[in-house]
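Engineer: I'll drop the sequence and a predicted model, then ask my questions.
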Amino acid sequence: MSGGPAHELGPLLTLDSLSLEFRGRGGVSRVLDAVGLTVGWGETVGLVGESGSGKTVTALAIMGILPPQARVTGGAALFKGTDLLATDEKTLRRYRGGEIAMTFQQARAGLNPIRPVGRQIEDVIRHHTDLGRADARERAVALLSRVQIPDPSRVFGAFPFELSGGMCQRVMIAMAVSCSPSLLIADEPATGLDVCTQAAVLELIGELSSERRMATLLISHDLGLLGERADRIVVMHAGHVVESAPTRALFASPRHPYTAKLIASCPRPSVELGDLVTIPGTIPDFREPLPPCRFRFRCERASPECDQPPLPRFEVGPDHFVACWRPL
Amino acid sequence: MADLPLLHVRDLSKRFPVRGTKRMVHAVDRVGLSMYAGESVGLVGESGCGKSTLVRLIARLLDPSGGEIDFEQRPIGSIPAAVFAGRPERALIQMVFQDPTDSLNPRFTAFETIADPIRHLSSNRTRRAVEERTAEVAELVRLRGELLGRYPHQLSGGQAQRVGIARAISVSPRLLILDEPTSALDVSVQAVILHLLAELRVRLGMTYLFVSHDLNVVRLITERVLVMYAGRVVEVGPTADVLSRPSHPYTRALLSAIPAFDPTARRARIRLPGEPQSPVDPSPTVCRFFGRCPEGFDRCRLEMPELRPVGTGRFVACHLFDDRSGPDRESDTTSG
């Protein structure tokens, strides 16, 4: 496929200053503002943020499957040197499912309810390869077995409603990796699943990523879960990337006030209720005029210099960036 | 504790018929528990383990298939749920549900939602009294007055859950059942709601039964914890104790699956082999965890383990902890 060794020098995916708005009756919402992030070849990057932070929209923009009311107003999404935002639908179709695959939070809703799940995997394989039906079927069964689905030949013929949430998530993962993508985007793969199933699904994604040297963008609202799985973490708040750092550095010394609060607000083994931090305020209304820093009115460290545009981006350590005038 | 329990549940069961057959799903199977006034008890387990069914039985929203529920020493288990809804005891056991926007009536304003139980269950139901009580409760949960006129879709998740809590506490319950009250919320909002719940319990002298799949949350807000698996309670004990030294193999697996949070301290996860047993007409003589249990042995498929004391305030339903026949006691094992 496209993307020779020359491209391997740079990151696999570079989101450069992606801005995006939603147009609706209530006005224009500036949902993403100059979002930048990179995913290296084979790297697992965690994308974390609370609801409304823009993490899913970012993924949809990369996949080129934004809802109709969304409009990209600037920036680029370079994948192996091709700008996904500027390319035609035909090329995108080749990439989608083949080179870049995505799994969705509601796995059962993401599957076709009236087609056997194995057939759906087979469809993806046949769209992206020259394999005949029998071979595609064989590969689909092998994938179902690889994602640890018991009795894969039987499950091949099952409909989504016959499978548990964890099983549907596994089917979706099998489908996503069926054509050996270089990048897997997994949107909240563990949310809504049981603790034990959660751990198993994340472990599976981790195994597939390393055995296929597949880069992974792991999207979650749960920082604790990313801490165990990601090489690097990108933190979003209200449509901005506020901090990105290697996982250990982020947990050891968060520099953005929001990241620090987010870590301190998570219930975790070493913390008592009294120490559990809350974050005042909510994300701002994207339709209103916004300050350069969208965390400004929730931030205890805010000062007049925070009102000067544009939002800064400082390198505060190796591969550690923070968008704050007064980092911790 | 010398006091009599606020809630005492014995051999409580709930079976649902499988449509079109005579078979039964055993959702809750002979569960026993006692709760004392002022306590906060956690109930953990995976989805489908029967924890929501159990709390709905206790909240008297569902009728049990068997067993007894005593509340303040009065039997309430045999009162049909539909009748219980109109009884004065209804006010004393209240419930907060998981998804605040889903569990609120979309056509009620926040005020209507909070006022509704007051109108039905309180002693003074004059318009003025209802308004006063609603305002008072809204203040307790720190819901700003201007939000009272809003509908659920106009509220944030955190605000909607405050309405859910306000509704539940508006009739001064003694037992508040919280079914995953924060799992649909963002972490920063979850922290706010957890603080609020801890404060309300002390301030209003309530007893909590707190259902959650998140052991980190349960640790923060409960003193005792019950672990459920496949309709049965498999472990009970002081929360800190159970979480630091889990006994039952299922509790251990559950704990090993929680994210460590510290990227330097990845722990070995205990993998559960196989699939859970079907909840449809399960064998009464096989441990429900058998087949997935990494430590199962012969006796586990011949005899259902019952809860037995294993230390101060701790109980485990597992043959591993029965002195008569651990798997290591080869001399005692009667292999059949």
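Structural biologist: That came in fine, so what should we check first?

Engineer: Wait, B:Phe261 touches A:Ala264, no?
Structural biologist: No: look at B:Phe261 against A:Ala264 with Cβ atoms under 8 Å: they stay out of range, at 11.6 Å. C-betas here are computed from N, CA, C, even on glycine.

Engineer: These two: which is more packed in?
Structural biologist: B:Phe261 (22 against 18; other Cβ atoms under 10 Å in any protein chain shown).

Engineer: how about that one, secondary structure?
Structural biologist: coil (DSSP: H, G, I helix; E, B strand; the rest coil).

Engineer: If I look at it, what pLDDT would I see?
Structural biologist: pLDDT for B:Phe261: 71.

Engineer: Pull the number of nearby residues for A:Gly239.
Structural biologist: 28.

Engineer: Quick one: residues contacting it.
Structural biologist: A:Gly239 is in contact with A:Arg30, A:Val31, A:Leu32, A:Asp33, A:Val35, A:Ser53, A:Gly54, A:Phe286, A:Arg294, counting by Cβ atoms under 8 Å, 6 or more residues apart in numbering or on different chains.

Engineer: Could you do B:Asp99 as well?
Structural biologist: B:Ala184.

Engineer: just the strands in chain A please.
Structural biologist: A:13-24, A:27-39, A:44-48, A:70-79, A:82-83, A:100-103, A:183-187, A:215-220, A:232-237, A:240-246, A:314-317, A:320-322 (DSSP state E).

Engineer: Can you name every helix or strand that the helix or strand of chain B at the bottom of the mean pLDDT ranking contacts?
Structural biologist: Across the helices and strands of chain B, mean pLDDT, DSSP states H and E gives its lowest value to helix B:100-103, namely a mean of 80. Counting contacts by 3 or more Cβ pairs under 8 Å, 6 or more residues apart in numbering or on different chains; DSSP states H and E, helix B:100-103 packs against helix B:157-169.

Engineer: Output the helix it packs on in PDB with nothing but the alpha carbons.
Structural biologist: In PDB, the C-alpha atoms belonging to helix B:157-169 read as follows (Å, rounded to 0.1, in the frame of the first residue of the first chain):
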ATOM      1  CA  GLY B 157     -25.300  15.000  34.300                       C
ATOM      2  CA  GLY B 158     -24.200  16.200  37.700                       C
ATOM      3  CA  GLN B 159     -27.200  18.500  38.100                       C
ATOM      4  CA  ALA B 160     -29.600  15.800  37.000                       C
ATOM      5  CA  GLN B 161     -28.100  13.400  39.600                       C
ATOM      6  CA  ARG B 162     -28.600  16.100  42.300                       C
ATOM      7  CA  VAL B 163     -32.300  16.100  41.300                       C
ATOM      8  CA  GLY B 164     -32.300  12.300  41.600                       C
ATOM      9  CA  ILE B 165     -30.800  12.500  45.100                       C
ATOM     10  CA  ALA B 166     -33.100  15.300  46.100                       C
ATOM     11  CA  ARG B 167     -36.200  13.300  45.100                       C
ATOM     12  CA  ALA B 168     -35.000  10.300  47.100                       C
ATOM     13  CA  ILE B 169     -34.200  12.200  50.300                       C
END
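
Engineer: Next secondary structure element downstream of it?
Structural biologist: Per DSSP states H and E, the first helix or strand lying C-terminal to helix B:157-169 is strand B:175-179.

Engineer: Could you double-check that B:Arg271 lies in contact with A:Leu204?
Structural biologist: No: here B:Arg271 lies out of contact with A:Leu204, judged by Cβ under 8 Å, at a distance of 11.3 Å.

Engineer: the more surrounded of the two?
Structural biologist: Each of B:Arg271 and A:Leu204 has its neighbours counted (other Cβ under 10 Å); A:Leu204 has more, 19 against 15.

Engineer: which residue sits closest to that one in space, ignoring its chain neighbours?
Structural biologist: A:Val147 (6.0 Å; Cβ to Cβ, 6 or more residues apart in numbering or on different chains).

Engineer: which ones are touching that neighbour?
Structural biologist: A:Arg170, A:Val171, A:Ile173, A:Ala174, A:Leu204.

Engineer: Kindly present the residues you listed as a markdown table, with separate columns for distance to B:Gln154 and pLDDT.
Structural biologist: Below are those laid out as a markdown table (distance: Cβ to Cβ, whole Å; pLDDT from 0 to 100):
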| residue | distance to B:Gln154 | pLDDT |
| --- | --- | --- |
| A:Arg170 | 38 | 89 |
| A:Val171 | 37 | 93 |
| A:Ile173 | 37 | 93 |
| A:Ala174 | 41 | 93 |
| A:Leu204 | 40 | 90 |
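
Engineer: Now restrict those residues to buried residues only.
Structural biologist: For the contacts of A:Val147, a burial check counting by 16 or more other Cβ atoms under 10 Å in any protein chain shown picks out A:Arg170, A:Val171, A:Ile173, A:Ala174, A:Leu204.

Engineer: from the residues you listed, which two are the most distant?
Structural biologist: A:Val171 and A:Leu204 (11.8 Å; Cβ to Cβ).

Engineer: Could you pick out the residues of the stretch 201-328 of chain A near chain B for me?
Structural biologist: Proximity of the stretch 201-328 of chain A to chain B, by Cβ under 8 Å from any Cβ of the partner chain, involves residues A:203, A:221-225, A:227-228, A:247-248, A:251, A:261-262, A:265-269, A:271-273, A:276-279, A:282.

Engineer: 6 Å - rerun?
Structural biologist: Contact residues, the stretch 201-328 of chain A versus chain B (Cβ under 6 Å from any Cβ of the partner chain): A:224-225, A:227-228, A:247-248, A:251, A:265-268, A:273, A:276, A:278-279.

Engineer: Of the residues you listed, which is the nearest to B:His213?
Structural biologist: A:Pro267 (12.5 Å).

Engineer: Can you tell me the centre-most residue of chain B?
Structural biologist: Per Cα atoms, centre = their mean, the C-alpha nearest to the average position across chain B is that of B:Val211, at 3.4 Å.

Engineer: That one and chain A, how far apart?
Structural biologist: 13 Å (Cβ to the nearest Cβ, to the nearest Å).

Engineer: Report the contact partners of that residue.
Structural biologist: Counting by Cβ atoms under 6 Å, 6 or more residues apart in numbering or on different chains, B:Val211 makes contact with B:Leu43, B:Lys51, B:Val55, B:Asp179, B:Glu180.

Engineer: Can you give me the separation between it and B:Ala91?
Structural biologist: B:Val211 sits 21 Å away from B:Ala91, going by Cβ to Cβ, to the nearest Å.

Engineer: ok, and the closest non-adjacent residue to B:Ser78?
Structural biologist: Nearest to B:Ser78 is B:Glu68, by Cβ to Cβ, 6+ apart, at 7.8 Å.

Engineer: need the longest helix for chain A.
Structural biologist: Assignment by DSSP state H gives helix A:195-211 as the longest helix of chain A.
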